[in-house]
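Asker: Mind looking at a prediction? Sequence and model below.
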Amino acid sequence: RFRLSVCNGGPDGLEYHPTVFDSSDGKQKVALCFTLADIPAERVRDASFWTVLYRMLIYPNKKHTAKMFYGTVLPSLNSLSVRAAFTKKDANLSYQVPPPAHDMAAYHDLALLGTATNAGPPEEFKST
């Protein structure tokens with residue numbers, strides 16, 4: 001089984017990410033990264049998934065939307081809707097105010113967060 005972390009600095013697609021209301025500052029915060037778990041090896045190794053994913057990135061098209069990515073491409077991995085992946089309380093999610101779309105420096109922090117989100121194999125694969 002595999003895991004895949006999804007990181008998004010917005011604005012497109014953040015409506016599919018988990019959110020919380022922070023009563024201390026009155027702001028809605030979003031988990032910019034989340035992880036899909038229990039992905040069968042044959043699906044993550046299937047070239048058609050990666051072809052669709054890279055095609056969306058390389059060849060801009062009005063059909064290549066956040067709805068397609070979060071509603072079709074990602075659910076094809078573990079046969080669950082994206083929201084079903086985080087219906088349980090997940091202590092590993094880090095909620096924050098999304099960075100402004102024009103603030104490219106914020107994407108460096110997003111990359112670091114993504115690295116930390118899925119660092120290392122699942123517990124059952126760690127050697128003792």
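Answerer: Yep, that arrived.
Asker: What segments of this structure are helices?
Answerer: 41-44, 47-58, 66-68, 75-78, 106-117 (DSSP state H).
Asker: mean pLDDT lowest for which of those helices?
Answerer: The weakest mean pLDDT among these belongs to helix 106-117, with a mean of 58.
Asker: Could you pull out the strands in this protein for me?
Answerer: 2-7, 19-22, 27-31, 33-39, 95-96 (DSSP state E).
Asker: what's the weakest-modelled helix or strand in this structure?
Answerer: helix 106-117 (a mean of 58; mean pLDDT, DSSP states H and E).
Asker: that older thread, highest average neighbour count across the strands of the chain?
Answerer: Of all the strands of the chain, strand 33-39 has the most neighbours on average by mean count of other CB atoms under 10 Å, namely a mean of 20. All C-beta atoms are positioned from the backbone trio N, CA, C, and that covers glycine.
Asker: for it, packing partners?
Answerer: Applying 3 or more CB pairs under 8 Å, 6 or more residues apart in numbering; DSSP states H and E, one finds that strand 33-39 contacts strand 2-7, helix 75-78, helix 106-117.
Asker: Cheers, nothing more for now.
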